Each structure stands twice: as structure tokens, then as C-alpha cells.
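>>> Need a 3D model of the sequence below.
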Amino acid sequence: MSLFLRLLPTTRQAGTAGSPVLYVHGATFPSALSIAHRFDGKSWRDALNEAGFDVWGLDFYGFGHSDRYPEMDQAATEHQPLCVAEDAAKQVAAAARFIRGHQSRDKLSLISHSWGAMPACLFASAHSALVDRLVLFAPIGRRPSRRYENPPTFPAWRIVTSEDQWNRFVEDIPEHVPPVLSRVHFDEWSKLYLGSDPESRSRDPAGVKTPLGPFSEIIKAWHGQLAYDPSQVKSPVAIIRGEWDGLVQDDDARWLFDALSNTPTKRDIKIGRGTHLMHLEAMRFALWRESIGFLQGEDIAPIPS
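Next up, the predicted model:
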């Protein structure tokens, strides 16, 4: 099968760019609809590009422009969930090999969203010498195991509609506060989302066929079974999350921050008026700036002997 990578090279003069940055998307939509999606003419990718980074976006198998798993042409109940973190980490490794060969660079940085932290951290754990810095935007953390309760099982894939996405995007916004996601922006985004699956509009209601490995691993993490060991990550890490992120609560972020016990430097950054989808919301500029500041490095002052 073929993996799809998109690149926006820096516009700065040669020799001034930072490490290449690879974006690792989350559980339900590909890179074109996240880091590369332009609201009012500008995307997170554009902001990183202007800061001097070459920005790459990966679509996992089953998403966007990458090939679909053959099992997605069969009944969902006939197979286990597709695109689990171990499989996705191998796809990240393939993308990293290509990027390093294409740009002749020793290292690259990673930005992940949500479940994407799992394959990103698996890759970073296995290839720490290749990873400059790691931004975990809205990463799923491990919650205490539930005695006498096993995580539910899931089929290989499911159909996700635009209405499903809208409900998920707004469910964590408190009542009686101004909206942080424009319905006009969402409607524009939704058309492109349905366009990410050529068969979406043949369904009633229209929807995108989506691998369920990511969602199944989110549920497992909430039953005490995280897909990676944070202590194996040895690169600098920034956790960036929104104040109203219902999937990444304060206890989740604190656990993950503490579990990242072998990173040389780490940050836990919480941005007000943001949810799990902050990169599509009003506070996206703050997210962009925090990620850029961390990726640029030079944030540790020397201690005189």
C-alpha cells in the first residue's frame, strides 16, 4: 500500500530553517483537514512555515490520500480494529526515513494530535536519536484501570458523518459562553471532510469510512492500557491542551507529564477557551505560537559552574 505525505517547504533563505516537522494526525481526520487546513486563508502549517520549518503531513492508511486497508472493503465485524498504534508507528517510521533522505537531515521534530501521540511516542521511543523535539497536542493519557471491567471490543471500521463531527467538536464547550468554533468555518471544513472519502456521498447519511484502531486504543488507555510507555521517550516534549478538553483532563495531563520521566525538558501548557479541537477554533493562534516557540528550542539557560 502507498502512504501519502504532503510538504510545504519553508520560504526562508537556505540555512535558516529549523528541523523538518512531521505532523501525525488523530483518530478521525487526515492532515489536510488539520495542520494544513486554512481558516480565513491561513493554517497552522503556514505559521510553522513562516517560522522557518519545512512542514510535512502524513495520512495514515485508511485516511485522506493514503491507501485503504483491504479489510475496509469487507464487513467491519469480520476484522479487528484497523490502524492501531503499533502499525501506525511503522508508518511514521517510513515517513521519517523518506523525509530524512529527501532533506539530508539527521533529525526531525514531530507534532501529534490526540491519539496520534501514541504512534508518535512509539516512534520517538524506538528512534530517539532521530527526534529533535516532540509536541503532543491534546494527547490521550492513561487513566486508572477499572477492576473487573475490560475495555469494550470494536469492529475494524465505522462511518463518521459530518453531524458526528460537529457534535464532537462542540460537546465540551460550556454553556453560556461565546462559541469558539465558527459554524461557517465548520461547514467549509465539512465539505472537504466528506471529500476525503470518494464514497462518502453515496451513503445515507453521507459519511467517511474510518479505521477504528485509534478509537479502540483511546478507550483502552482509559482502562489503564496505554499503547506506549512514556518513560521510554527521551526527546524534549511539550504537552499543549485546551482548558475545556474533555478527553484530556488535568489528571490525565499530570499523569503523562510525570510519566515522561526521561525527557531532558518538558512542558505542560494549558490554553484557555480551547477544546480537544483547538487547532480548528478561535484560540488556534495561541496553539500555533506555543508549538513554534517550543520547536525553536534555545529555551534552557546554561548554569555557571
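>>> and Ser43, what does it touch?
Ser43 makes contact with 35-37, according to Cβ atoms under 8 Å, 6 or more residues apart in numbering. Backbone N, C-alpha and C define where each C-beta goes, glycine included.
>>> try 6 Å
By Cβ atoms under 6 Å, 6 or more residues apart in numbering, the contact set of Ser43 is 36-37.
>>> ok, now Thr210?
Contacts of Thr210 by Cβ under 6 Å, 6+ apart are 28, 158, 160.
>>> Tell me the one of those residues nearest Gln80?
Nearest to Gln80, judged by Cβ to Cβ, of these is Arg158 at 13.5 Å.
>>> number of nearby residues for the closest one?
Using other Cβ atoms under 10 Å, Arg158 has 17 neighbouring residues.
>>> mind listing what the spatially most central residue of the chain touches?
Nearest residue to the geometric centre of the chain (Cα atoms, centre = their mean): His113, 2.0 Å. Taking Cβ under 6 Å, 6+ apart, we find His113 in contact with 25-26, 137.
>>> Assign the nearest residue to it once chain neighbours are set aside to helix, strand or coil.
Excluding its sequence neighbours, the residue lying closest to His113 (Cβ to Cβ, 6 or more residues apart in numbering) is Gly26, at 4.2 Å. Secondary structure state of Gly26, per DSSP: H, G, I helix; E, B strand; the rest coil, is coil.
>>> which residues touch stretch 160-178?
So stretch 160-178 is contacted by 28, 181, 190, 205, 207-208, 210, 244, 246, 275, 277 (Cβ under 6 Å, 6+ apart).
>>> so of these, which ones are in helices?
In helices, judged by DSSP state H, the following of the contacts of stretch 160-178 are found: Ser190.
>>> out of the contacts of stretch 160-178, which are buried?
Among the contacts of stretch 160-178, the ones that count as buried by 16 or more other Cβ atoms under 10 Å are 28, 181, 190, 207-208, 210, 244, 275, 277.
>>> so which pair among these is furthest apart in space?
Every pair in these was compared (Cβ to Cβ); the two farthest apart turn out to be Gly207 and Trp244, at 26.1 Å.
>>> measure Lys169 to Pro179 for me?
Let me fix one detail, which is that residue 169 is Phe and not Lys. Distance of Phe169 to Pro179, given as Cβ to Cβ, to the nearest Å: 10 Å.
>>> Lovely, talk soon.
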